[in-house]
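Student: starting from these lines, generate the structure:
(one chain, ligands or ions: 2)
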Amino acid sequence: ECSGDQPLYWKATHPTLAPAHLQDLPGFTRSVFKRDHALITPESHVFGPLPDWINTLGAYLISPAIGAHFTMYLANMQDGSKSALPPKDVERFRAIEDYHPDLIVGSTDKQPLLETPGEVFQLRKLLPTSAAYDFNIHIMDFQPGEYLNVKEVHYNQHGLLLLEGQGIYRLGDSWYPVQAGDTIWMAPFVPQWYAALGKTKTRYLLYKDVNRNPL
Ligand code: UGY
Ligand code: MN
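Tutor: Ligands and ions are numbered 1, 2, ... in the order given. Below is the predicted model of the structure:
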């Protein structure tokens, strides 16, 4: 799904740091940090070495310091880069007796389209939905003009990376114009709604904690 000669998700991996129409506005950013949500746009990214990773520069975009129970980061890797194992006592998945998550390697294209009752967006999940996995990563596609029918409020938290397209994200009482390359943190219960605008489809990646009793 490459458009023209650009690699997949070009706009997310090579965001426009200084859009032409904003170049004359020193200090301007669309980034926002509120109690129950954050919008982190590319001109705010701060990269540095990731602990124990080799030849990799990373930018933590979401962490427990913001109020989340997960981290989400960008890792710029190249030939010779190596990821680190999770730190001791930190789980990539929370343990549960008798269930063991397996290492999964795959790609979005290989995942089936799933039912989305009452909604129009297309949904794929990158992880199995079985109990061993206490979160999932959803890939959601909206055609221009499509929007979430449910004005969602739920116990789950989200980390979102907009991979393609542009639109309006409503978070609580705020309405944000967003585009590929933008990251959003959503705390539990923040009202959330998205409408895809522009001329091309929206694709976003969404972390969602699942499969555990919230009590
Ligand atoms: O599954 C979800 O909670 C998803 N529809 N939320 C979202 O896109 N903000
Ligand atoms: Mn949601």
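Student: and the residue of the chain found nearest ligand 1, what does it touch?
Tutor: Distance from ligand 1 to each residue of the chain (Cβ to the nearest ligand atom) is smallest for Gln192, at 4.4 Å. All C-beta spots, glycine's among them, are computed from the backbone N, C-alpha and C. Residues near Gln192 by Cβ atoms under 8 Å, 6 or more residues apart in numbering: 148, 151-153, 158, 169-171, 186.
Student: one more time with 10 Å
Tutor: For Gln192, the contacting residues are 36-37, 148, 150-154, 158, 160, 169-172, 184, 186, by Cβ atoms under 10 Å, 6 or more residues apart in numbering.
Student: equivalent analysis for Arg212, please.
Tutor: For Arg212, the contact set (Cβ under 10 Å, 6+ apart) comprises 94, 96, 131, 134-135.
Student: tell me the least confident of these?
Tutor: Least confident entry in the contacts of Arg212, by pLDDT: Ile96, with 69.
Student: tell me the gap between stretch 41-60 and the middle of its chain.
Tutor: 16 Å (Cα atoms, centre = their mean, to the nearest Å).
Student: please list the residues of this protein that sit near ligand 1.
Tutor: 138, 140, 152, 158, 192, 206, 208 (Cβ under 6 Å from any ligand atom).
Student: number of residues surrounding the nearest residue in space to Thr13 that is not next to it in sequence?
Tutor: In space, and not counting its chain neighbours, Thr13 is closest to Pro7: 7.5 Å by Cβ to Cβ, 6 or more residues apart in numbering. Neighbour count of Pro7, defined by other Cβ atoms under 10 Å: 9.
Student: check Pro7 and give its pLDDT.
Tutor: 86.
Student: next one: Phe93
Tutor: Looking at Phe93, its pLDDT is 60.
Student: how many neighbours does Leu162 have?
Tutor: Neighbourhood size, Leu162 [other Cβ under 10 Å]: 26.
Student: in what helix or strand does it lie?
Tutor: Element membership for Leu162 (DSSP states H and E) is strand 158-164.
Student: next SSE downstream of that strand?
Tutor: Immediately after strand 158-164, counting by DSSP H and E, sits strand 166-171.
Student: one step back: between the contacts of Arg212, which is nearest Ser107?
Tutor: Proximity of the contacts of Arg212 to Ser107 (Cβ to Cβ) peaks at Phe135, which lies at 18.9 Å.
Student: got the contact list for the spatially closest residue to Tyr9 that is not a sequence neighbour?
Tutor: Nearest residue to Tyr9 in three dimensions, chain neighbours excluded: Leu163, at 4.7 Å (Cβ to Cβ, 6+ apart). Contacts for Leu163 (Cβ under 10 Å, 6+ apart) come out as 8-13, 108, 139-141, 180-181, 202-205.
Student: then Pro188?
Tutor: Listed by Cβ under 10 Å, 6+ apart, the contact partners of Pro188 are 36, 67-69, 153-158, 209, 214.
Student: out of the residues you listed, which comes closest to His100?
Tutor: Asp209 (18.6 Å).
Student: which residue packs closest to Asp134, ignoring adjacent ones?
Tutor: Residue nearest to Asp134 in three dimensions, not counting chain neighbours: Arg94, with 4.6 Å by Cβ to Cβ, 6+ apart.
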